[in-house]
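Novice: no sequence for this one, just the structure:
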């Protein structure tokens, strides 16, 4: 996998507004928020996209979703939130390091995008 901005954030080479971190994941506020709460949750182990995961990633993927729930509760998103994973160029992925968008504190519309 090539170097990404997220790799640099993980290594603390560039600043980020980190809201949660442990040995496996990092969560930080998006610099271009699309909702009042817009947090990116990323695995520290680089995975290009959801299209690149394997059965060996099952536990990490579950952990990412548990982290979303933890961060949503921490952010007071009791009324609901949306989780988005953009995959590939046509899916709107701009950073090729798997990341989940946690969006909240506004009414989400459907269909998205």
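Specialist: Cool, the structure landed. A quick note: this is a predicted structure, and the numbers were derived from the prediction, not measured. Numbers count the residues shown, from 1 in each chain.

Novice: contacts only, for residue 30.
Specialist: Counting by CB atoms under 8 Å, 6 or more residues apart in numbering, residue 30 touches 38, 39, 40, 101. C-beta coordinates here come from the backbone N, C-alpha and C atoms, glycine included.

Novice: what about it, distance to residue 9?
Specialist: Applying CB to CB, to the nearest Å, the value for residue 30 to residue 9 is 12 Å.

Novice: before we move on, what about residue 76?
Specialist: When CB to CB is the yardstick, residue 76 and residue 9 sit 24 Å from each other.

Novice: so the two - more neighbours on which side?
Specialist: residue 9 (19 against 10; other CB atoms under 10 Å).

Novice: OK, contacts around the more buried one?
Specialist: Applying CB under 8 Å, 6+ apart, the residues near residue 9 are 16, 26, 28, 42.

Novice: residue 104 too?
Specialist: So residue 104 contacts 35, 36, 37, 72, 75, 77, 79, 80, 81, 82 (CB under 8 Å, 6+ apart).
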